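Participant: Okay, here's the prediction I keep looking at, along with the sequence it came from:
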Amino acid sequence: MANILRRAFFTVLSIVCFVSVARAQTENIDSRIDSFVQAEMSRQKIPGLALAVMRDGKMLNARGYGLSNVELNVPVTPESIFQSGSVGKQFTATAVMMLVEEGRVRLDDKIAGHFPEAPEAWEKITVRHLLTHTSGLKDYTDKDWDYRRDYAEEDILKRLQNLPFEFEPGDKWSYSNSGYVLLGFLIHRVTGKFYGDFLQERIFGPLGMTTTDIISEEDIVPHRSSGYRLVKGVLKNQEWVSPSLNTTADGSLYFSVLDLAKWDAALYTEKLLKRSSLEEMWTPVKLNDGKTRPYGFGWRLAEMNGRRLVEHSGSWQGFTTGISRYVDDGLTVVALTNLDSRHSRPMDIIHGVAGLYEPTLTPPPPPPPIADKEPGVTALFQDFLRLAAEGKAEAAAFTEETGKVWFPERIKELQEDLEDFGSPKTIDLLERKEELGQRIYHYRLTFDDGRMVTFTLKLTGENKIAGLDRDD
């Protein structure tokens, strides 16, 4: 009897010790996450952030930081509602794949078959091209667009039909919101339902995603967060956008991290799509020349330290968001912020949090600079940035084609960024190569607050700027 009691005592003691250790480990990681997130929010000047961490479709952590509404001093909670930005594209892509499974749409359908009024140039564009950003259609956000005007769907479609092509469909990859706007119209044409109603009926409702819906300024939306932007270091409210331009299928949703946890759980099942359809959505797109690009249908494809990563970020109207699914590890991290994308970098926070849960997922340190054997080019780039910050950059510094892309809107955006960030503390060369008669330089700019921004600069033989892209 004594032995039985002794064994029972030690069994209970072991259980108590195990529970205590597990609780201590949980409290420790929670504390480390809090410290990391709060430090990043301070560095990036983010007013509010909602975070969720899931493992194998089950919630591990959901919490809010900072303020959902600065004016009213309302804290962020897991129930807080944020705007999706382009994270919404994965829902549009899922809706299209539902129609594919039902035989109502084929991936290789020419979209002109669904839009008989389409221009002849659209004859080569397929549904797959729209899903994978390989249609060649220029991004409508790069063109002059009156975001305060309410356009009917037919008006938007006509404007899209007038967009120029950047390349032949399937030849290259170039992110284009235009394609996803068209996919929303395609869903409407095929089903007879506004794409948002289709999402509600087929995805949000069945999954119990009760807070997820199309953006509506007039509806009463409990726990709705306010979006913000920084203008010369001063926090401002989000800019107003007309209702119709806040309902397009390229990313115009409300949701919370709690609803995204339900979405993540569904992706482990076949509640919405067959496993084969999901895998097709997460397969790199193949271009006409046989090369691939790391993008599927509404998802970016990557890896972290050799581990498979399926993710997407989004930004719109004072909100920046991200979801990362570390497929090999069954880990998903979501971060939603209420600050514009020029300042907020939720993917950095997501990747950092993932590394706290799984050390093997810790992002590698920034690559070291290489020897700069052309300091004159770096000086030219530095001088260009100075002139851009002062509002004195000239189109003559660019090739004619690139100058048309950059002036006047993009150069103004760069000026605003540099005004906010200040002069870079260092400019490091990370890579230098030559392609198609152009010299290509990858530079990393480091600012006083520790922010790192990388640019790809392309120069012609005459030192004209043939390309300038912010890589992050």
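Facilitator: Sure, I can see it.

Participant: downstream neighbour of the helix or strand hosting Asp197 in the secondary structure list?
Facilitator: According to DSSP states H and E, Asp197 maps onto helix 195-199. Downstream of helix 195-199, the next assigned helix or strand under DSSP H and E is helix 205-207.

Participant: Tell me how many other residues crowd Glu401.
Facilitator: 9 (other CB atoms under 10 Å). No exception for glycine: its C-beta is placed from N, CA and C like everyone else's.

Participant: for it, what are its contacts?
Facilitator: For Glu401, the contact set (CB atoms under 8 Å, 6 or more residues apart in numbering) comprises Ala466.

Participant: Now name the helix or strand holding it.
Facilitator: helix 400-406.

Participant: One more: Arg148?
Facilitator: Applying DSSP H and E as the criterion places Arg148 outside every helix and strand.

Participant: again with Ile29
Facilitator: Following DSSP H and E, one finds Ile29 within helix 2-44.

Participant: contacts for the helix or strand just after that helix?
Facilitator: Once the chain leaves helix 2-44, the next helix or strand it forms, by DSSP H and E, is strand 48-55. With CB under 8 Å, 6+ apart as the test, strand 48-55 has contacts from 33, 37, 41, 59-68, 75-78, 80, 82, 225, 256-258, 260-261, 264-265, 330-338, 346, 349, 353, 357.

Participant: quick one: strand 48-55 to chain centroid distance?
Facilitator: Centroid separation for strand 48-55 versus its chain: 15 Å, with CA atoms, centre = their mean, to the nearest Å.

Participant: Contacts made by the helix or strand following it with the rest, please.
Facilitator: Downstream of strand 48-55, the next assigned helix or strand under DSSP H and E is strand 58-69. For strand 58-69, contacts defined as CB under 8 Å, 6+ apart pick out 30, 33-34, 37-38, 41, 46-54, 73-78, 80, 223, 225-226, 257-258, 261, 265, 338, 357.

Participant: List the buried residues in strand 58-69.
Facilitator: Met59, Leu60, Asn61, Ala62, Arg63, Gly64, Tyr65, Gly66, Leu67, Ser68, Asn69 (16 or more other CB atoms under 10 Å).

Participant: that older thread, show me what the helix holding Asp197 is packed against.
Facilitator: Other elements packing on helix 195-199 under the criterion 3 or more CB pairs under 8 Å, 6 or more residues apart in numbering; DSSP states H and E are helix 89-101, helix 177-191, strand 213-214.

Participant: what does that helix contact?
Facilitator: So helix 195-199 is contacted by 91-92, 95, 183-185, 187-188, 191, 213-214, 247, 249 (CB under 8 Å, 6+ apart).

Participant: Export the residues you listed to a markdown table and append columns for pLDDT.
Facilitator: A markdown table is the format used below for the contacts of helix 195-199 (pLDDT from 0 to 100):
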| residue | pLDDT |
| --- | --- |
| Phe91 | 98 |
| Thr92 | 98 |
| Ala95 | 98 |
| Leu183 | 98 |
| Gly184 | 98 |
| Phe185 | 97 |
| Ile187 | 98 |
| His188 | 98 |
| Thr191 | 98 |
| Asp213 | 97 |
| Ile214 | 97 |
| Thr247 | 95 |
| Ala249 | 97 |
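
Participant: CSV for these, including neighbour count and distance to Ser313?
Facilitator: Below are those laid out as CSV (neighbours: other CB atoms under 10 Å; distance: CB to CB, whole Å):
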residue, neighbour count, distance to Ser313
Phe91, 26, 15
Thr92, 31, 16
Ala95, 27, 20
Leu183, 26, 19
Gly184, 25, 20
Phe185, 22, 24
Ile187, 26, 23
His188, 18, 26
Thr191, 19, 28
Asp213, 19, 21
Ile214, 22, 20
Thr247, 17, 21
Ala249, 30, 17
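
Participant: Looking at the helices and strands packed on helix 195-199, spot the one closest to Gly136.
Facilitator: Closest to Gly136 of the helices and strands packed on helix 195-199 is helix 177-191 (CB to CB; 9.6 Å).

Participant: Quick one: low-confidence residue ranges for the stretch 101-250 of the chain.
Facilitator: Along the stretch 101-250 of the chain, the parts satisfying pLDDT under 70 run over 142-144.

Participant: cutoff 50 now
Facilitator: Within the stretch 101-250 of the chain, not a single segment meets pLDDT under 50.

Participant: From His114, how far out is the residue lying closest to Leu336 once chain neighbours are set aside?
Facilitator: Among residues not flanking Leu336 along the chain, Phe82 sits closest, at 4.0 Å (CB to CB, 6 or more residues apart in numbering). Using CB to CB, to the nearest Å, we find Phe82 at a distance of 32 Å from His114.

Participant: got it, and Met41?
Facilitator: Counting by CB to CB - Met41 and His114 are separated by 44 Å.

Participant: And for Val327?
Facilitator: Val327 is 32 Å from His114, by CB to CB.

Participant: So for stretch 194-208, first residue to last residue, what's the gap.
Facilitator: End-to-end distance for stretch 194-208, by CA to CA, to the nearest Å: 20 Å.

Participant: Off-centre distance for it?
Facilitator: 22 Å.

Participant: quick one: buried residues of it?
Facilitator: Neighbour-count burial for stretch 194-208 [16+ other CB under 10 Å]: Phe194, Tyr195, Gly196, Phe198, Leu199, Gln200, Arg202, Ile203, Phe204, Leu207.

Participant: need the helices for the protein, in chain order.
Facilitator: Listed in chain order, the helices of the chain (DSSP state H) span 2-44, 89-101, 127-132, 153-161, 177-191, 195-199, 205-207, 257-266, 275-281, 346-357, 375-389, 400-406, 409-421.

Participant: Among these, single out whichever gets nearest to Glu311.
Facilitator: Comparing the helices of the chain by CB to CB, helix 346-357 comes nearest, at 7.3 Å.

Participant: coming back round to it: would you mark the buried spots in the helix holding Glu401?
Facilitator: Thr402, Gly403, Val405, Trp406.

Participant: average pLDDT across it?
Facilitator: Averaging pLDDT along helix 400-406 yields 88.

Participant: Tell me which residue lies nearest the centroid of this protein.
Facilitator: Closest to where the C-alpha atoms of the chain average out (CA atoms, centre = their mean) is Ser313, at 1.5 Å.

Participant: Spatially nearest residue to that residue, not counting backbone neighbours?
Facilitator: Gly322 is the one closest to Ser313 (CB to CB, 6+ apart), at 4.4 Å.

Participant: Check what pLDDT the one you found gets.
Facilitator: 98.

Participant: so who does it touch?
Facilitator: Contacts of Gly322 by CB under 8 Å, 6+ apart are Val87, Glu311, His312, Ser313, Gly314, Val334, Ala335, Leu336, Pro346, Met347, Ile349, Ile350.

Participant: Dump those residues into CSV; add distance to Ser242 as well.
Facilitator: Converted to CSV, the contacts of Gly322 look like this (distance: CB to CB, whole Å):
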residue, distance to Ser242
Val87, 22
Glu311, 30
His312, 25
Ser313, 24
Gly314, 19
Val334, 28
Ala335, 28
Leu336, 23
Pro346, 26
Met347, 29
Ile349, 31
Ile350, 31
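
Participant: Just give me the closest of the residues you listed to Ala393.
Facilitator: Ser313 (27.5 Å).
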